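**Student:** Take this sequence and fold it.
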Amino acid sequence: MAPIAASRQQFDEIPTVVGIFSAFGLVFSVSLFAWICCQRKSSKSNKTPPYKFVHVLKGVDIYPENLNSKKKFGADEKSEAKNKSTMPKNSLHLDLEKRDLNGNFPKTTSKIQSSPDLENSSPKHFAERKKDSVSPDSLKSITSLSSEEKQDKLGTLFFSLEYNFEKKAFVVNIKEARGLPAMDEQSMTSDPYIKMTILPEKKHKVKTRVLRKTLDPAFDETFTFYGIPYSQIQDLTLHFMILSFDRFSRDDVIGEVLIPLAGIELSEGKLLMDREIIKRNVRKSSGRGELLISLCYQSTTNTLTVVVLKARHLPKSDVSGLSDPYVKVNLYHAKKRISKKKTHVKKCTPNAVFNELFVFDIPCESLDDISIEFLVLDSDRGSRNEVIGRLILGSSAEGTGGEHWKEICEYPRRQIAKWHMLCDG
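**Tutor:** Prediction:
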């Protein structure tokens, strides 16, 4: 029994020893953690934060990424003392600790005296400082002047003309264009290409390839037109249209060049020429022309018959001659297009005769939410077609469009025709 009692006393003393050791361990770990935190805090206060901004102070640009590791802001006092000893008296010292909450430096009334270094500074440095200290008003005036100059100067086109008497062919070589304006405001470049048409017949239309992101495109493309007698060269006119390609919308027109061939002698060989690009001269008439439309609403079959009859007094879309009109017909239900048709193209005429009939199925019982849009366009094989005029017929349309629509609703199964003035597209 005696050994058993002794072993029990030893087991009773073990928890007290373990508790004492655990208490000492806890105190030691807490003190070690506090010491580590203090060391990290002190090391962080001495470190320089990463500067990812550019600060401008009184015309002086400060780029922290260009500073050496020995000359960072917020360095130790020893490094500051060394820098002060090596720093000239007239140098600009910035103390980031003296900034306010907005990051600005307080104004100082101390005056900087002139020094031989400033007097002997090169004109280049002086020009840079002067450029940095330009006021906003002067910047606006400079930008306005530069924009006006850019609008006036659209660049220069270089090309050559030649006539091949053996093959009876007229040869045009489009070499390059220089100094084109930037049509893309984001990239400040253009994607230029050139369309060329021989006037006045507009039978020969060609275009160059698109050159990406350049203001000085070098095309160097040759176009040969066969079957043109040399005696007719004097009656022709070359029309160059300089455009910038736009993938998501209509291509931007930079300008144009017109070359009347009257008086130009090509019998001696190739002739090199250059012309300034001018702003496109759009000949706008007093009106956009008229369109004769016939409508008939069949209430029993719930169909609408549309006949595009004629167009008259259509304007010239540009200086390249008469337009090649055709009509697109779009049917809308509650402002959503549900069907579309188009007529054939009529060549080189301001007074086109179409006489084409289209039948549309109406998805509702009445014509209250139905409207029809007529777009008269100029067909152009080389680029996107240009809108000559536009017409809307419907219950909410104004003028003759609303009156015509009201008549077909009041008199179903009757074919009613009316002339309508076209508006701008």
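**Student:** what stretches of the stretch 1-150 of the chain score poorly on pLDDT?
**Tutor:** For the stretch 1-150 of the chain, applying pLDDT under 70 flags the ranges 1-12, 43-150.
**Student:** what about 80?
**Tutor:** 1-15, 41-150 (pLDDT under 80).
**Student:** And His404, its phi and psi?
**Tutor:** In terms of degrees, to the nearest 10, the main-chain angles of His404 are phi -60, psi -40.
**Student:** Dig out what the closest residue to it other than its chain neighbours forms beta bridges with.
**Tutor:** Nearest non-adjacent residue to His404, counting by Cβ to Cβ, 6 or more residues apart in numbering: Lys418, 4.9 Å away. From N, CA and C alone the C-beta is placed, and that goes for glycine too. For Lys418, the beta-bridge partners under DSSP bridges are Ile293.
**Student:** Now do the contacts for Lys418.
**Tutor:** Residues near Lys418 by Cβ atoms under 8 Å, 6 or more residues apart in numbering: Leu292, Ile293, Thr400, Glu403, His404.
**Student:** those helices in the stretch 301-425 of the chain, which residues are they?
**Tutor:** Counting by DSSP state H, counting those that start in this stretch, one finds helices in the stretch 301-425 of the chain at the ranges 400-410.
**Student:** Gln234: what secondary structure?
**Tutor:** Secondary structure, DSSP: H, G, I helix; E, B strand; the rest coil: Gln234 is helix.
**Student:** nearest residue to it other than its sequence neighbours?
**Tutor:** Nearest one to Gln234, counting by Cβ to Cβ, 6+ apart, is Ala262 at 5.0 Å.
**Student:** okay but the one you found is in contact with Asp235, surely?
**Tutor:** Yes: between Ala262 and Asp235 there is a contact under Cβ atoms under 8 Å: 7.4 Å.
**Student:** Looking at the two, which one has more neighbours?
**Tutor:** Asp235 (12 against 9; other Cβ atoms under 10 Å).
**Student:** That one: what's it in contact with?
**Tutor:** Asp235 neighbours (Cβ under 8 Å, 6+ apart): Leu261, Ala262.
**Student:** next one: Gln415
**Tutor:** Gln415 sits in contact with Ser294, Leu295, Cys296, Thr305, Val307, where contact means Cβ under 8 Å, 6+ apart.
**Student:** In contact with the first one, which residues?
**Tutor:** It refers to Ser294. Val306, Val307, Leu309, Gln415, Ile416, Ala417.
**Student:** and these, which are buried?
**Tutor:** Neighbour-count burial (16 or more other Cβ atoms under 10 Å) applied to the contacts of Ser294 gives Val306, Val307, Leu309.
**Student:** What about the residue nearest to the first one when sequence neighbours are not counted, how many residues nearby?
**Tutor:** Nearest residue to Val306 in three dimensions, chain neighbours excluded: Phe358, at 4.8 Å (Cβ to Cβ, 6+ apart). For Phe358, the neighbour count with other Cβ under 10 Å is 18.
**Student:** From here on, call the first residue 4.
**Tutor:** Got it, first residue is 4 now, which makes that one Phe361.
**Student:** thought Phe361 was touching Cys299?
**Tutor:** No: when contacts are counted by Cβ under 8 Å, Phe361 is not listed as touching Cys299 (11.3 Å).
**Student:** got any residues that touch both of the two?
**Tutor:** Thr308.
**Student:** Pull out the buried residues from stretch 226-239.
**Tutor:** Phe228, Ile231, Ile236, Leu239.
**Student:** And for the first one, nearest residue in space, chain neighbours not counted?
**Tutor:** Spelled out, that is Phe228. That would be Phe173: by Cβ to Cβ, 6+ apart, it lies 4.5 Å from Phe228.
**Student:** what's near enough to touch the one you found?
**Tutor:** By Cβ under 8 Å, 6+ apart, the neighbours of Phe173 are Leu164, Glu165, Tyr166, Asn167, Thr227, Phe228, Ile231, Ile236.
**Student:** Need the residues you listed in CSV (columns: distance to Gly392).
**Tutor:** Output for these, formatted as CSV (distance: Cβ to Cβ, whole Å):
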residue, distance to Gly392
Leu164, 37
Glu165, 41
Tyr166, 40
Asn167, 43
Thr227, 37
Phe228, 33
Ile231, 34
Ile236, 36
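**Student:** Could you tell me which of those are located in helices?
**Tutor:** The members of the contacts of Phe173 all map outside helices under DSSP state H.
**Student:** Tell me the one of those nearest Val30?
**Tutor:** Thr227 (98.7 Å; Cβ to Cβ).
**Student:** I'd guessed that closest one sits against Val174; true?
**Tutor:** Yes: between Thr227 and Val174 there is a contact at 5.1 Å, judged by Cβ under 8 Å.
**Student:** what touches both of these two?
**Tutor:** Asn167.
**Student:** ok, the residue nearest to Gln237 to Ala221 distance?
**Tutor:** Look at Ala265 and Ala221: by Cβ to Cβ, to the nearest Å, they are 29 Å apart.
**Student:** what does Tyr414 give?
**Tutor:** For Tyr414, the distance to Ala221 - Cβ to Cβ - is 65 Å.
**Student:** can I assume Gly230 is in contact with Lys171?
**Tutor:** Yes: taking contacts as Cβ under 8 Å, Gly230 lies within contact range of Lys171: 6.7 Å.
**Student:** are any of the contacts of Lys421 buried, and which?
**Tutor:** Leu295, Ile296, His407.
**Student:** ok, now which ones touch the last one?
**Tutor:** Translated: His407. Here His407 is in contact with Ile296, Leu298, Leu396, Ile419, Lys421, His423 (Cβ under 8 Å, 6+ apart).
**Student:** Please report the distance of it from Phe377.
**Tutor:** Distance from His407 to Phe377, by Cβ to Cβ: 12 Å.
**Student:** Need the residues touching each of these two.
**Tutor:** Ile296, Leu396.
**Student:** Return the residues in contact with the closest residue in space to Ser326 that isn't next to it in sequence.
**Tutor:** What sits nearest to Ser326 in space, not counting adjacent residues and going by Cβ to Cβ, 6+ apart, is Asp381, at 4.1 Å. Residues in contact with Asp381, defined by Cβ under 8 Å, 6+ apart, are Ser320, Ser326, Asp327, Pro328, Asn388, Glu389, Val390, Ile391.
**Student:** Quick check, the fifth one in contact with Val379.
**Tutor:** Yep, that's Asn388 we're talking about. No: counting by Cβ under 8 Å, Asn388 does not reach Val379; the two are 10.2 Å apart.
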